[in-house]
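>>> after the sequence you'll find the predicted model.
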Amino acid sequence: MPPAGYSFNKLFLSILIMMKTTLYILLLFLIAFLSSCEKIIEFEGKITNSKITVNAVATPDTVFVAGISSELFFTELIPERSWESLYPDFVLENAEATITVNGRDTYPMQYNPESLNYEGTYIPAEGDEILLNISAPDLEPVQSVTVVPEKGKLEILSTEVLYSENYMAFDDWMDIAALDTIMRITAKITDPPGELNYYRLKVRSIGYYLDTSNGEDGYFMSDVFSSADVIFKDERLVKRYWGWPAGFSNVFDDHLFDGKEYTFTIESRMRWGSDQHVTVELQAITRELYNYLKSVMLYRITDQDSYTESIQIYSNVNGGYGILGALNGEKHILYFNP
């Protein structure tokens, strides 16, 4: 299993690598252009004004962890190496990190070389205000704050297992070990009134198997699901990305159903294996995490070249980059063969 928070770290790193590779290409283009002119400008040295990048999402009843790294610059990239092998090179092992909760209690965090994260003893609770302070040698200190939201309220109204003749239409490299059976799930959100709330619906289809080469359990899974409901529509996402269809987003707000109950239907495809099931989790998320996730979705579908308007990845880290957010979810487990 990957260490806690590692998937968010990978997401940050892959985005930063794409951004800095684009900068590198633009610099080469600029050098070539200037070489054709009479005046030649030489580039001396490398860019060194790195900034601290933070990756932290607080979840109730789970020890708070934070990924802390330095920003990647094009002169630091090694193209033949994957981002998985690059990530340890940019983790800040000598940072000082503390969190202050509700303006009173302060908790130190220590670097864990196994998880590549900073960890402590603090376990977030609903309503906590979390202030994160980080400093590191030769880098500007950073600070960020978030508040753990009220738990999202989701009720499963019904499930139906169906055979899908056109399941190959969903064929995608992200749609691993997909079968011709789907689960149609009808659920209801109960939304708190009088405030703008933000949500992510996380749906995961899982099938387990035994790896005969080592005798260990493995699994196939996919977080991709489908729905025709209007709350999942986002016209800005004009292309498919990572298995998701164009115009679809599992991150949304409550502007269509503020303070009301809202019923919707989704479909999730069965994975090959045993103990096949679907987990459905409605995560109430902070506005900052909502903005970050939306900007990442836009960045993924945008061709980052000199002819495309660049997409700014949202950050709420003062003095640096990254995200400090929080989520609070309610999870349901639904079996294909109960």
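Arrived safely.

>>> how many neighbours does residue 283 have?
24 (other C-beta atoms under 10 Å). Using the backbone N, CA and C atoms, a C-beta is placed for each residue, glycine as well.

>>> domains for the chain, by residue range?
Following automatic domain parsing, one finds the domains of the chain at 6-149+289-327, 153-285.

>>> which of these sits closest to residue 337?
domain 153-285 (6.9 Å; C-beta to C-beta).

>>> what about residue 112, neighbour count?
14.

>>> I'd assumed residue 93 was in contact with it.
No. Using C-beta atoms under 8 Å, residue 112 is not in contact with residue 93, being 10.0 Å away.

>>> tabulate the domains of the chain (a markdown table), appending mean pLDDT and distance to residue 334.
As requested, the domains of the chain are exported to a markdown table (pLDDT from 0 to 100; distance: least, C-beta to C-beta, whole Å):
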| stretch | mean pLDDT | distance to residue 334 |
| --- | --- | --- |
| domain 6-149+289-327 | 75 | 21 |
| domain 153-285 | 88 | 5 |
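
>>> including distance to residue 333, could the ones you listed go into TSV?
Putting the domains of the chain into TSV (distance: least, C-beta to C-beta, whole Å) gives the following:
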stretch	distance to residue 333
domain 6-149+289-327	17
domain 153-285	5
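
>>> figure out which of these is closest to residue 336.
Proximity to residue 336 (C-beta to C-beta) singles out domain 153-285 among those, at 4.5 Å.

>>> what about the helices in the chain?
Listed in chain order, the helices of the chain (DSSP state H) span 6-35, 83-90, 287-301.

>>> what is the neighbour count of the nearest residue to residue 136 once chain neighbours are set aside?
The shortest distance from residue 136 to any non-neighbouring residue, by C-beta to C-beta, 6 or more residues apart in numbering, is to residue 95 (4.1 Å). By the measure other C-beta under 10 Å, the count of residues near residue 95 is 22.

>>> isn't residue 95 right up against residue 68?
Yes. Taking C-beta under 8 Å as the definition, residue 95 is a contact partner of residue 68 at 5.0 Å.

>>> who's in contact with the residue nearest to residue 52 when sequence neighbours are not counted?
Setting aside the residues directly before and after it, residue 52 is nearest to residue 320 in space (C-beta to C-beta, 6+ apart), at 4.0 Å. When contacts are counted by C-beta atoms under 8 Å, 6 or more residues apart in numbering, residue 320 is found next to 51, 52, 53, 54, 71, 134, 140, 142.

>>> kindly recompute the last result at 7 Å.
By C-beta atoms under 7 Å, 6 or more residues apart in numbering, the contact set of residue 320 is 51, 52, 53, 54, 140, 142.

>>> I'd like those residues as JSON lines, with distance to residue 222 appended.
Shown next, in JSON lines, are those (distance: C-beta to C-beta, whole Å):
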{"residue": "51", "distance to residue 222": "35"}
{"residue": "52", "distance to residue 222": "34"}
{"residue": "53", "distance to residue 222": "28"}
{"residue": "54", "distance to residue 222": "29"}
{"residue": "140", "distance to residue 222": "40"}
{"residue": "142", "distance to residue 222": "35"}
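
>>> list buried residues within those residues.
When those are checked for burial by 16 or more other C-beta atoms under 10 Å, the buried set is 51, 52, 53, 54, 142.

>>> ok, the fourth one to residue 141 distance?
What it means is residue 54. For residue 54, the distance to residue 141 equals 12 Å [C-beta to C-beta, to the nearest Å].

>>> all good on my end, thank you.
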